[in-house]
Every structure is written in C-alpha cells, then in structure tokens.
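Novice: Kindly generate the corresponding structure for this input.
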Amino acid sequence: MERSYQASTTLLADDMAITPVAQMHVSQQCLALTMIGLGLLGFVYGDVALVWQHLPIEHMPGARAIAYAFAAIEWIAGVGLLLRRWAKPAAALLTAFMLMWVVLLKVPAVIAVPSMEATWLGFGEIAVILAGAWVLFAQAMGDRRGGWHPITGQRGIRAARVLFALSLPMIGLAHFFYSEQTVALVPAWLPYHLGWAYLTGAASIAACLAVLLGVLPRLAALLEAAMLWIITVLVWVPAIVAAPTDRTAWTALVISAAIACGAWVVADSYRAPTARA
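Specialist: Numbering: from 1, shown residues only. Next comes the predicted model:
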C-alpha cells in the first residue's frame, strides 16, 4: 500500500509539473494582444487579403463571412489567452488555427516554388508564431498519456522549440537573398544599412544553432525575440506615424509583433519550472 501511495503521488506530481496556466507570462499576454489586433483588423476591413496571403479568397463565395470567421477565431483566441479560466482552450484553438495557416497557405507555396526563398520566409515567420502557440498549449495540457503524449507536456515543448529553431534560418537567409529590400527597411538614421541587414540575418541563423545545440538556448531565443521586437518598433511604428490610415503598415506591425511574441514565448518556456532544456 505504501509503495502504491508513493507511486500515485509521484504520478500526480508529474502530471501537475506543468500546471495549466499556472503562471501567465507577459509574453503570453502580448501574443494574445497581437491576436486580438489581427482579429480587429479582420473585422474592420472585412477580408483577409493582407493576412492570409496566397489565398484567392476574394473569388470565393461567402468571402466576407469567411473573413469574419477567421477574425473571430483570432479575437477569441487572443481574449481567451488573457483569461486564466479559458487559457487552455484558447491555446488549443490558436495552435490549431496557426497550424491550419501553415498547412493551407505556407506549405503549398514552398512545394510549388521551393527555389524561391520568399516562400520559405513566409513559412518561417508563421511557424515561429505556431511554435509560441504550441508551447502555451503543451504547458497548459501538461504531460498526458496516449495520443496526446508527443505534442503535450515536455515533449510538446521540446518539439515546439525545434520548430522555432528550424524556422529561424528561413527568416535570416531572407536578409541575404533580399538584401536590397531589407536595406530599404533599415531606418535612415542608422549607418551601414547593408551591414545591419546581414547582421540581423546572421543573428537569426546563430540563434537557430544555439537552440538546436543547447548552447545558452534561452538567451538565444530571448535575443532573437528582442531583435524582432526592435525591428518591429523601428520599421513599422514610424510607418504608421507617417501614414496612420495605411492598412498595410498596421497589418505588418501586428504580424511582426506576433512573430516577436512567438519567439518570446519560446524563450520563456526555458524558465518555466518544468521546462528543462
């Protein structure tokens, strides 16, 4: 009986190791706000052309209804992540939604034109958000038995980190392949525009290696998130200040912030009590 009690206590401790939404980090709250922002953009404009790229939704029947449905999913997931009671289903909803985004839009583009780095860039950017959502889902679900085991708890978190790491070179290499476009986004007051383009691209590749090899992985993910946030602020905030009604700038700001938040959530997974490297 004593052994049975100890075994059950150990299993209970293991199951409670990742308690659902036991601690809500600022990174989760910021990711939630970006999802709310995307949802609001969908409601305001009534379409998804700037968010769900490569989807010929304008030619589909019921396009506006579909756009509002997508916006509602983003808004509901974002609001849910801010509420402890609903954070678990919200994390599951966001993970499923981002996975659908990757599978329906980004994977076909990569398969259709694998030699175009831009398709890999699009995949990598959304995959970073997916990785962040997956971390939240895995943490909220805890270590489960059965079919959930590979994607929840510690296994799920580790898999999400690998996805995050593998996505970074797709983003970093774009700074080299499309250096002219990247240079055009560097603020005019900064010197050595090409140098900044190459440096940020190399930094993403270095962060990938650090996470995969386990060399200061949390620091690498945190620096990647910080770099993405700096890029978001320096590039898209001035664009909105210059043109407050520019829909493209607002959409780019929110998506760029969401990518930075995805990296931030992954970085925070290393400091969770049970998130061992």
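Novice: The closest residue to Val254 other than its chain neighbours sits in which helix or strand?
Specialist: Counting by Cβ to Cβ, 6 or more residues apart in numbering, Val254 lies nearest to Gly37, which is 4.2 Å off, once chain neighbours are set aside. Quick note: C-beta positions are derived from backbone N, CA and C, even for glycine. If you go by DSSP states H and E, Gly37 is part of helix 26-45.
Novice: Can you dump the C-alpha atoms of the very next helix or strand once past that helix in PDB for me?
Specialist: Following helix 26-45 in sequence order, the next helix or strand is helix 63-81 (DSSP H and E). Extracted C-alpha coordinates of helix 63-81, given in PDB (Å, rounded to 0.1, in the frame of the first residue of the first chain):
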ATOM      1  CA  ALA A  63     -15.600  35.500 -48.700                       C
ATOM      2  CA  ARG A  64     -16.700  38.200 -46.200                       C
ATOM      3  CA  ALA A  65     -18.300  35.600 -43.900                       C
ATOM      4  CA  ILE A  66     -15.100  33.500 -44.000                       C
ATOM      5  CA  ALA A  67     -13.000  36.600 -43.300                       C
ATOM      6  CA  TYR A  68     -15.200  37.400 -40.300                       C
ATOM      7  CA  ALA A  69     -15.000  33.800 -39.100                       C
ATOM      8  CA  PHE A  70     -11.200  34.000 -39.200                       C
ATOM      9  CA  ALA A  71     -11.200  37.300 -37.400                       C
ATOM     10  CA  ALA A  72     -13.500  35.900 -34.700                       C
ATOM     11  CA  ILE A  73     -11.100  32.900 -34.200                       C
ATOM     12  CA  GLU A  74      -8.100  35.300 -33.800                       C
ATOM     13  CA  TRP A  75     -10.100  37.500 -31.400                       C
ATOM     14  CA  ILE A  76     -11.500  34.700 -29.300                       C
ATOM     15  CA  ALA A  77      -8.100  33.000 -29.000                       C
ATOM     16  CA  GLY A  78      -6.500  36.300 -28.000                       C
ATOM     17  CA  VAL A  79      -9.100  37.200 -25.400                       C
ATOM     18  CA  GLY A  80      -9.000  33.600 -24.100                       C
ATOM     19  CA  LEU A  81      -5.300  33.700 -23.600                       C
END
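Novice: Can you check what angle separates helix 63-81 from helix 26-45?
Specialist: Between helix 63-81 and helix 26-45, the angle comes out at 160 degrees (axes from the mean of the first three to the mean of the last three Cα atoms, to 10 degrees).
Novice: Please work out which residues outside helix 63-81 touch it.
Specialist: With contacts defined as Cβ atoms under 8 Å, 6 or more residues apart in numbering, helix 63-81 is touched by 28-29, 31-43, 45-48, 51-52, 57, 60, 86-87, 89-91, 93-94, 97, 136.
Novice: by contact count, what packs against the helix holding Gly37?
Specialist: Packing partners of helix 26-45 (3 or more Cβ pairs under 8 Å, 6 or more residues apart in numbering; DSSP states H and E): helix 63-81, helix 87-101, helix 117-141, helix 247-268.
Novice: In TSV: those helices, plus distance to Val110.
Specialist: Shown next, in TSV, are the helices and strands packed on helix 26-45 (distance: least, Cβ to Cβ, whole Å):
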stretch	distance to Val110
helix 63-81	21
helix 87-101	13
helix 117-141	5
helix 247-268	17
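Novice: looking at the ones you listed, which one has the lowest mean pLDDT?
Specialist: Here the lowest mean pLDDT among the helices and strands packed on helix 26-45 goes to helix 63-81, at a mean of 90.
Novice: Noted, bye for now.
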